[in-house]
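Undergrad: coords below, sequence missing:
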């Protein structure tokens with residue numbers, strides 16, 4: 001287990017942040033009881049055709065990386081997604097690396113995100129005035145971390161718009177609404 005001191009999570013410190021979170025900080029002793037609790041509260045029910053489940057299992061067993069990319073119309077979505085992935089038929093997907101905006105890595109919830117294997121994302125809109133080359137370097141490193149996980153047969157969980165979207169926004173979701181990082185990972 002990596003006992004290094006937690007770095008300050010800011011775009012100016014992106015190298016130390018991704019050095020710290022890159023190898024993965026997930027703790028199953030924490031994650032699985034949390035997922036069971038969330039599942040008991042939300043009780044999401046997935047309607048996934050057996051054919052899709054079989055294909056996901058086949059891809060996973062062949063070492064193919066899987067990107068779970070979903071819409072984000074509500075603040076509850078990460079919790080509901082986590083509970084949905086706790087479904088025994090697709091539970092292996094819950095071992096994925098989640099991508100979360102970096103402000104959530106400040107304060108008392110930081111260990112929750114850290115121990116569930118989540119990696120911070122530095123969104124340019126949160127750092128206006130920061131040089132674009134810094135954002136580009138941080139984004140390139142994050143994409144590299146995701147590609148490494150996918151190449152190793154892992155799972156990456158992300159919200160395609162990169163932020164909450166209203167129901168109206170989702171009704172008119174256009175390709176340009178999907179952030180380019182998802183495509184770069186794939």
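TA: Looks like it arrived, so ask away. Bear in mind the structure is a predicted one, so any value in this text is a computation, not a measurement. Numbers count the residues shown, from 1 in each chain.
Undergrad: Contacts only, for the residue nearest to residue 92 when sequence neighbours are not counted.
TA: Closest residue in space to residue 92, ignoring its immediate chain neighbours: residue 60 at 5.7 Å, by Cβ to Cβ, 6 or more residues apart in numbering. Where C-beta positions appear, they are placed from N, C-alpha and C, glycine not excepted. With contact set as Cβ atoms under 8 Å, 6 or more residues apart in numbering, residue 60 has these partners: 66, 92, 153, 155.
Undergrad: For the chain, name the helix or strand with the lowest mean pLDDT.
TA: Of all the helices and strands that make up the chain, the one with the lowest confidence by mean pLDDT, DSSP states H and E is helix 167-171; it has a mean of 59.
Undergrad: looking at this, residue 98 is in a helix?
TA: No - the assignment for residue 98 is strand, going by DSSP: H, G, I helix; E, B strand; the rest coil, so no helix is present there.
Undergrad: Looks like it contacts residue 120 (just checking).
TA: No - when contacts are counted by Cβ atoms under 8 Å, residue 98 is not listed as touching residue 120 (10.2 Å).
Undergrad: Comparing those two, which residue is more hemmed in?
TA: Regarding residue 98 and residue 120, a neighbour count based on other Cβ atoms under 10 Å identifies residue 120 as having more, with 26 against 21.
Undergrad: Now do the SS call for the more buried one.
TA: Following three-state DSSP, residue 120 is assigned to strand.
Undergrad: Could you report the neighbour count for the residue lying closest to it once chain neighbours are set aside?
TA: Among residues not flanking residue 120 along the chain, residue 102 sits closest, at 3.9 Å (Cβ to Cβ, 6+ apart). Around residue 102 there are 20 other residues, counting by other Cβ under 10 Å.
Undergrad: Show me what the mean pLDDT comes to for the host helix or strand of residue 33.
TA: Secondary structure assigned from DSSP states H and E places residue 33 in helix 28-42. Taken as a whole, helix 28-42 has a mean pLDDT of 89.
Undergrad: what's the answer for stretch 87-97, then?
TA: Confidence for stretch 87-97, expressed as mean pLDDT, is 87.
Undergrad: With stretch 104-114 instead?
TA: 92.
Undergrad: For the closest residue to residue 137 other than its chain neighbours, give me the pLDDT.
TA: Closest residue to residue 137 apart from its sequence neighbours, by Cβ to Cβ, 6+ apart: residue 14 at 7.0 Å. As predicted, residue 14 sits at a pLDDT of 97.
Undergrad: So residue 14 belongs to a strand, correct?
TA: No - when the secondary structure is assigned by three-state DSSP, residue 14 falls in helix instead of a strand.
Undergrad: Please report the number of neighbouring residues for it.
TA: Other residues within reach of residue 14 by the criterion other Cβ under 10 Å amount to 21.
Undergrad: I'd say it and residue 140 touch.
TA: No - with contacts counted by Cβ under 8 Å, residue 14 stays clear of residue 140, the gap being 10.0 Å.
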